[in-house]
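Peer 1: Dropping the sequence and predicted coords here.
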Amino acid sequence: MPRYEYRCRTCDDTFELSRPMAESGDPADCPSGHSDTVKLLSAVAVGGSAKSGPAPAAAGSGGGCCGGGCCG
């Protein structure tokens, strides 16, 4: 079951709850009993075993802001 992080606006405490995705936006009381909470955006950690550097650029791409297409 996914874990979601919330912050209480009353006491500024941060806490996590495990709940189904369908309930992720439902109100959540903080451990101190306050109901004025907000769900935080969390970075997703993805595990892997890749040992190489960044992906190579495609042949013919000039880099830049859009692969070279909009930089003149």
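Peer 2: Here it is on my side, so go on.

Peer 1: Mind checking what secondary structure the nearest residue to Ser42 once chain neighbours are set aside has?
Peer 2: Nearest non-adjacent residue to Ser42, counting by C-beta to C-beta, 6 or more residues apart in numbering: Glu5, 5.2 Å away. C-beta coordinates here come from the backbone N, C-alpha and C atoms, glycine included. With DSSP: H, G, I helix; E, B strand; the rest coil as the basis, Glu5 sits in strand.

Peer 1: Kindly tell me how buried Glu5 is, as a neighbour count.
Peer 2: 12 (other C-beta atoms under 10 Å).

Peer 1: Over to the one 10 residues further on?
Peer 2: For Phe15, the tally of surrounding residues (other C-beta under 10 Å) stands at 16.

Peer 1: The strand or helix carrying it packs against which elements?
Peer 2: Applying DSSP states H and E as the criterion places Phe15 in strand 14-18. For strand 14-18, the packing partners by 3 or more C-beta pairs under 8 Å, 6 or more residues apart in numbering; DSSP states H and E come out as strand 3-8.

Peer 1: What residues sit buried inside the strand it packs on?
Peer 2: 4, 6, 8 (16 or more other C-beta atoms under 10 Å).

Peer 1: Next, work out how far apart the last one and Ala22 are.
Peer 2: The gap separating Cys8 from Ala22 is 23 Å, by C-beta to C-beta, to the nearest Å.

Peer 1: Kindly report the same for the second one.
Peer 2: In this view, Tyr6 and Ala22 are 16 Å apart by C-beta to C-beta.

Peer 1: and if you look at Glu16?
Peer 2: Distance, Glu16 to Ala22, by C-beta to C-beta: 18 Å.

Peer 1: More neighbours: these two, which one.
Peer 2: A direct count of neighbours by other C-beta under 10 Å for Glu16 and Ala22 places Glu16 higher, at 12 against 7.

Peer 1: Pretty sure that one sits against Pro2.
Peer 2: No. Using C-beta atoms under 8 Å, Glu16 makes no contact with Pro2, being 10.1 Å away.
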